[in-house]
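> kindly return the folded structure for what I paste below:
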Amino acid sequence: MSASTERPSSAEDITSLPDGFSSSQATPALASLASLPVGSHLILRCRKDWRDATIVAVSPEQVTLSVGAPRGRTYRVKRPASTLVLLDGPVPILGEGSWRAGLVRYDVRW
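Reported below is the predicted structural model:
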């Protein structure tokens, strides 16, 4: 058996920008919070830090999120359904700022 290590021809069509980014990374994608399906995970900006959240209910007026707290509990927050979400690659982000640096640290035993 031999495995082919060649990429498909569609990979050659990606254009590169001078800084080494591809054109898909240059413009951030936006979507509404209501367009994400129930069960989707996203990163949510809280008062001091960024936390993991899951969409648990969607109605025409609002979306309910279940947010994980650092001590292991969860709580729910509601946001308008028309709220815009930034897509950082496959990760939906709800809030502004540098989320990678401020992501809350959960239980260190895991």
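
> where does the closest residue in space to Leu44 that isn't next to it in sequence fall, phi/psi-wise?
Spatial nearest neighbour of Leu44, chain neighbours left out: Ala53 (4.1 Å); criterion: C-beta to C-beta, 6 or more residues apart in numbering. Bear in mind the C-beta positions are built from the backbone N, C-alpha and C, glycine included. With angles defined as degrees, to the nearest 10, Ala53 sits at phi -130, psi 160.

> next, the contact list for Ala53, please.
Contact analysis of Ala53 by C-beta atoms under 8 Å, 6 or more residues apart in numbering lists 41-44, 65-68, 77, 94.

> got the confidence number for Asp49?
On pLDDT, Asp49 comes in at 82.

> what number of residues lie near Thr74?
14 (other C-beta atoms under 10 Å).

> in the host helix or strand of Leu42, what's buried?
Taking DSSP states H and E as the definition, Leu42 sits inside strand 41-45. Neighbour counts over strand 41-45 (16 or more other C-beta atoms under 10 Å) mark 42-45 as buried.

> and if you look at stretch 51-67?
Buried residues in stretch 51-67, counted by 16+ other C-beta under 10 Å: 51-55, 58, 62-63, 65, 67.

> ditto for stretch 71-90
Neighbour-count burial for stretch 71-90 flags 79, 85-86 (criterion: 16+ other C-beta under 10 Å).
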